[in-house]
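Visitor: next one to model:
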Amino acid sequence: MRRTTPRSVLSSMRRATAALTLAFALPAGAGQYQTPRQANDGWPTADATALGWKTAILTTVEDKIADGTYKKITSVLVADHGRLVYEHYFNGGSADLLNDVRSATKSLTAMLVGAAIARGAIRDVTVPVYGYFSDVHLERGDARRAAITLEDLLTMSSIWECDDDNSFSTGNEERMYVSERWLDFALNLPVRGYAPWVSRPKDSPYGRTFSYCTAGAFVAGAVIERATKQPLASFAHEALEAPLGISQVKWNASSEGIGMGGGGTRYRARDLAKLGQVAADAGRWQGKAVLPAAWVTTMLTPHVQARDDADYGYLWWQFRFPIAGVETKVWAMGGNGGNYVFVLPERGLVAVITSQAYNQGYAHAQSQAIFRDIVLKSLP
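Guide: Okay, the predicted model is just below:
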């Protein structure tokens, strides 16, 4: 007598075979995609698979962090056209962790300058910086410094001798941190010279010479305080954080109590993504204007060449990454440790990578690799 296999068993066998086939189709060790949880923080969430994302590639970040390929990463979040489509935490990271994003704060300072201009507190970026600080004693008399504008600070192209990448520089940020009055330190910086191998402004792209200067971003924050007559943290909350529903944040201050616009703010990863979304959506959050669209456009326009492979807007980096073989310009907030908020407005893309690889030589390269080799290759 021939025995037949029950339909229920056949159905189970077919499902098992399909699952096995899918498993072999995924990259080795790939994690299983999960739609981000819906929370009461204003972020809509969406299924990346349904939107066409290659989630089999996207989730490989989980395995590469687990096996030590990528080190000290604490979160990776991705938003697609205003919807959170990927969210994962690692190495003690969590949705509630206030991430120290270091110099990514500088990009936030640029956003606050735009908010101050929109409120009429600052005329425009051509205002002379020293006019805000007539009470500060200047030890070195040099009339040329009076011409330094807010735009010079936003583009890291002032005539101050200030270079954080050069330990011999008078204005190196480590010297500022140990001084009693940071503002006095910055405003008394000498005028820079130009070594034979350094291009002068007239010979440089965009007519400016870049020199990474945290002291300049700090002074830009001090200008906001003087202009708005508020502590920097208070103005940030009023102008940017409250409209975005950001309730947990930590700002640093200098030894004399001035808000630190150059680094060290702490935000939750989802809130960092909100900041990126405002930049990606021409100053809007959920359809409501938070910053003027014209300011965001100007902020995310190259104003100076920072390196051979990167330009600089107003305290925002512009990198170049390949997408489907085409070199594409991507804006970013970036800070020590490999902390990034990447923004690609024309694709509606925001990606947050937080990391605690502070002062590690691999930090920036690995975060950029996650974005380049995983996030961008997962795009629909």
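Visitor: any chance you could map the strands in the chain?
Guide: For the chain, applying DSSP state E gives strands covering 73-80, 83-89, 99-100, 249-250, 266-267, 284-285, 288-289, 304-307, 310-312, 317-323, 326-335, 339-344, 349-355.
Visitor: read off the pLDDT value for the spatially most central residue of the chain.
Guide: In the chain, the centroid-proximal residue (C-alpha atoms, centre = their mean) is Met333; its distance is 1.9 Å. We have a pLDDT of 99 for Met333.
Visitor: sorry, back to before: in TSV, list the strands of the chain along with distance to Val113.
Guide: Yep, even glycine has a C-beta here, placed from its N, CA and C like the rest. Formatted as TSV, those follow (distance: least, C-beta to C-beta, whole Å):
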stretch	distance to Val113
strand 73-80	24
strand 83-89	28
strand 99-100	22
strand 249-250	18
strand 266-267	19
strand 284-285	18
strand 288-289	17
strand 304-307	16
strand 310-312	15
strand 317-323	17
strand 326-335	14
strand 339-344	18
strand 349-355	21
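Visitor: ok so, going back, wait, what's in contact with the residue nearest to the centre of the chain?
Guide: By C-beta atoms under 8 Å, 6 or more residues apart in numbering, the contact set of Met333 is Val101, Ala104, Lys106, Ser107, Leu108, Leu272, Leu275, Gly276, Trp316, Trp317, Tyr340, Val341.
Visitor: tell me the bridge partners for it.
Guide: Val341 (DSSP bridges).
Visitor: how near is it to Gln360?
Guide: 19 Å (C-beta to C-beta, to the nearest Å).
Visitor: now swap in Ala115 and tell me
Guide: 34 Å.
Visitor: the two: which is more packed in?
Guide: Ala115 (23 against 16; other C-beta atoms under 10 Å).
Visitor: how many neighbours does the nearest residue to the more buried one once chain neighbours are set aside have?
Guide: Closest residue to Ala115 in three dimensions, ignoring its sequence neighbours and counting by C-beta to C-beta, 6 or more residues apart in numbering: Ala239, at 3.8 Å. Residues lying near Ala239 (other C-beta under 10 Å) number 22.
Visitor: what residues are up against Ala239?
Guide: Applying C-beta under 8 Å, 6+ apart, the residues contacting Ala239 are Leu112, Ala115, Ala116, Arg119.
Visitor: wait, what's in contact with the second one?
Guide: The reference is to Ala115. Phe235, Ala239, Leu240, Leu291.
Visitor: next one: Phe90
Guide: Phe90 neighbours (C-beta under 8 Å, 6+ apart): Glu62, Ile65, Ile73, Thr74, Ser75, Val76.
Visitor: can you pull the contacts of the first one?
Guide: With contacts defined as C-beta under 8 Å, 6+ apart, the neighbours of Glu62 are Gly31, His88, Phe90.
Visitor: number of residues surrounding the nearest residue in space to Thr265 that is not next to it in sequence?
Guide: Excluding the flanking residues, the one nearest Thr265 by C-beta to C-beta, 6+ apart is Thr105, at 4.4 Å. If you count neighbours by other C-beta under 10 Å, Thr105 ends up with 30.
Visitor: ditto for Pro201
Guide: 14.
Visitor: okay, the spatially closest residue to it that is not a sequence neighbour and Met156: tell me how far apart.
Guide: Once flanking residues are discounted, Pro201 sits nearest to Thr209: 5.0 Å by C-beta to C-beta, 6+ apart. From Thr209 across to Met156, the span is 9 Å (C-beta to C-beta).
Visitor: more neighbours, the two?
Guide: Met156 (25 against 22).
Visitor: how does the chain divide up, domain by domain?
Guide: 31-101+269-380, 102-264 (automatic domain parsing).
Visitor: list buried residues within the contacts of Phe90.
Guide: Glu62, Ile65, Ile73, Thr74, Ser75, Val76 (16 or more other C-beta atoms under 10 Å).
Visitor: can you tell me which of these is nearest Met260?
Guide: Thr74 (21.6 Å; C-beta to C-beta).
Visitor: residue contacts, the closest one?
Guide: Tyr89, Phe90, Asn91, Gly92, Gly93, Leu97, Asn99, Ala269, Thr354, Ser355, Gln356.
Visitor: change it to 7 Å
Guide: Tyr89, Phe90, Asn91, Gly92, Gly93, Leu97, Asn99, Thr354, Ser355, Gln356 (C-beta atoms under 7 Å, 6 or more residues apart in numbering).
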